[in-house]
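Undergrad: With the input below, show me the fold.
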Amino acid sequence: MLSTMQDVPLTVTRILNHGMTIHGRSQVTTWTGESEPQRRSFAEVGERAGRLANALRDELGVVGDQRVATLMWNNAEHVEAYLAIPSMGAVLHTLNLRLPVEQLIWIVNHAADRVVIANGSLLPLLAPILPHLPTIEHVIVSGPGDRSLLDGVAPNVRVHEYETLIADRPSTYDWPELDERTAAALCYTSGTTGDPKGVVYSHRSIYLHSMQVNMAESMGLTDRDTTLVVVPQFHVNAWGLPHSTFMTGVNMLMPDRFLQPAPLAEMIEREKPTHAAAVPTIWQGLLAEVTANPRDLSSMVTVTIGGAACPPALMEAYDKLGVRLCQAWGMTETSPLGTMANPPAGLTADEEWPYRITQGRFPAGVEARLMGPAGETLAWDGESAGELEVRGAWIAGAYYGGAGGEDFKPDDKFSEDGWLKTGDVGVISTDGFLTLTDRAKDVIKSGGEWISSVELENALMAHPDVAEAAVVAVPDDKWGERPLATVVLKEGATAGYEELKSFLDGKIAKWQLPERWAMIPAVPKTSVGKFDKKVIRKQYAAGELDVTRL
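TA: Predicted coordinates:
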């Protein structure tokens, strides 16, 4: 027996049409650094998306599933591209502007991008690499910036002004009825090991992921909310927020290039968002700013924090400010929502805390399992630690076009029965809460036992003098590997190694306490703000760190 339900494709186009009509009065507000930000209603954004699609097709000749890249900050024009490009049947390719230049070139060429839309402020990054991008035929420039940087660098590339290009185009577009399984967007991993790897999101996966983001057990935002979207649109679709907000009418506050703590604090005080999303390093910087220069953060009810484990001390500090940080876990391959740490109902604040410091609970759309070193499936008992594998409707089952380099082996990332191997090590409680203890590549294997670098880092960052701490495994003749603790002290702080080690006593098992310590000016970061531990390991191996042994 077949169902009697209509078969309506789940596409980005439906999100676009719904948002611009049902939620037409909701707004995308872009910070300009001036007295008044730019404000556009969802209806206006939708109409401009139609104009952009007409321009791409009629003026630039974009057809089929050709790739249109964006090199842009978080702003209204980027939202327009998010909606227009997939809806016309092309593929949105967001370029991570923080990647090394050679990786940017590799990504654009691997994806065979034909058009790139760039913010003017990013032309100093685009202009030097343009001669190395043979598939690019058109550059569209939006916002302030020196256009002369593009003069003569790539004679075969036509340069267009965004506003001029869309000005006289029709605001309606004959959107095609697309197969929901076709490609909508393309995003590459940060390439921390080997070449970056392309993940292609379908219309169906984006639609279903957007629905999950909007569920009460996830972010649960409505048209009464305004979300400050700090997480970049060039990183995993800004955690799905541009699509999910357009689906439910959530107002968007976009910081553009103003990502420093002081302007972010001003945005919150002036525009009064109820929600925000970003990696922990953003919130550590903002905390230091509002501690030194108090601001009114009272509008913010919740913050979704992900990309790296959130130090419990940071959560406690924001609790005192009346802002609740909620951890989430995900990755490029999971669209990215994999878990969110909303505690079960009916608990006191003290009872909620053990749940809040986990990575969170799996939603209905994500299946998970833990795999032991011998390939055995481990129990969800909160104690058995293994590598996390996941599968679901918005989780990748392969990479685009064989990306990953000659040494990449697909079975290193995908199991024979179709599960994604995340590379994260952790435990899962009986009620489905995930606690990650480390990345498989970062866990410290000492004398046949595992030491969690994340646990050591969180304990160190609870010290009042510590701004950041990163722990890595280093070779040891006796134990195989031992932890090296690298520490960034707050300005004016004086804590020494003995004090820090004593602080850990009682919080960490004695045999896990580091013997090797080094003070560093800042923890190296990846292009998406995560601790880049491979840099620290290389610095140690090269003798570039001033290491003290206790």
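Undergrad: now the strands for the stretch 1-150 of the chain?
TA: With DSSP state E, counting those that start in this stretch, the ranges of strands along the stretch 1-150 of the chain come out as 27-30, 38-41, 67-71, 91-94, 115-119, 138-142.
Undergrad: Same check on the stretch 401-550 of the chain?
TA: Shown for the stretch 401-550 of the chain, the strands assigned by DSSP E, counting those that start in this stretch span residues 420-428, 433-439, 444-446, 449-451, 466-476, 480-489, 516-519, 548-549.
Undergrad: Run the chain-centre distance for the shortest one.
TA: Read that as strand 548-549. A distance of 36 Å separates the C-alpha centroid of strand 548-549 from that of its chain, computed with C-alpha atoms, centre = their mean, to the nearest Å.
Undergrad: Looking at the strands of the stretch 401-550 of the chain, spot the one closest to Val116.
TA: Closest to Val116 of the strands of the stretch 401-550 of the chain is strand 420-428 (C-beta to C-beta; 29.5 Å). Bear in mind the C-beta positions are built from the backbone N, C-alpha and C, glycine included.
Undergrad: quick revisit: tabulate the strands of the stretch 401-550 of the chain (JSON lines), appending mean pLDDT.
TA: JSON lines is the format used below for those (pLDDT from 0 to 100):
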{"stretch": "strand 420-428", "mean pLDDT": "94"}
{"stretch": "strand 433-439", "mean pLDDT": "89"}
{"stretch": "strand 444-446", "mean pLDDT": "85"}
{"stretch": "strand 449-451", "mean pLDDT": "78"}
{"stretch": "strand 466-476", "mean pLDDT": "93"}
{"stretch": "strand 480-489", "mean pLDDT": "94"}
{"stretch": "strand 516-519", "mean pLDDT": "96"}
{"stretch": "strand 548-549", "mean pLDDT": "94"}
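Undergrad: Nearest to Asp350 among these would be which one?
TA: Taking C-beta to C-beta as the measure, those were each checked against Asp350, and strand 433-439 came out nearest at 16.6 Å.
Undergrad: Who are the packing partners of that closest one?
TA: Using 3 or more C-beta pairs under 8 Å, 6 or more residues apart in numbering; DSSP states H and E as the contact definition, the elements that strand 433-439 packs against are strand 337-340, strand 360-361, strand 420-428, helix 453-460.
Undergrad: Just name the most buried of these.
TA: Using mean count of other C-beta atoms under 10 Å, the stretch among the helices and strands packed on strand 433-439 with the greatest mean number of neighbours is strand 337-340 (a mean of 27).
Undergrad: Show me the one of the helices and strands packed on strand 433-439 that comes nearest Leu550.
TA: Nearest to Leu550 among the helices and strands packed on strand 433-439 is helix 453-460; the distance by C-beta to C-beta comes to 14.0 Å.
Undergrad: Now tell me what touches the closest one from outside.
TA: Applying C-beta atoms under 8 Å, 6 or more residues apart in numbering, the contact partners of helix 453-460 are 309, 311-313, 436-438, 442-444, 466, 469-473, 483, 485, 487, 500, 503-504, 507-508, 512, 514, 531, 533.
Undergrad: what do you get for stretch 531-549?
TA: Taking C-beta under 8 Å, 6+ apart as the rule, stretch 531-549 contacts 192, 308, 442, 453, 457, 470, 472-474, 484, 486, 497, 515-520, 523-526.
Undergrad: Filter these down to the buried ones, ChimeraX style.
TA: The buried subset of the contacts of stretch 531-549, as determined by 16 or more other C-beta atoms under 10 Å, is captured in ChimeraX by this line:
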select :308,442,453,457,470,472,473,474,484,486,497,515,516,517,518,519,520,523,524,525,526
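Undergrad: ok, back up a step: minimum distance to Gly249: which of the strands of the stretch 401-550 of the chain has it?
TA: Closest to Gly249 of the strands of the stretch 401-550 of the chain, according to C-beta to C-beta: strand 433-439, at 30.6 Å.
Undergrad: Just checking: what are the partner strands of that closest one?
TA: strand 360-361 (antiparallel), strand 420-428 (antiparallel) (DSSP bridges).
Undergrad: is it possible to export these to a markdown table including distance to Glu217?
TA: Compiled in a markdown table, the strands paired with strand 433-439 are given as follows (distance: least, C-beta to C-beta, whole Å):
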| stretch | distance to Glu217 |
| --- | --- |
| strand 360-361 | 7 |
| strand 420-428 | 17 |
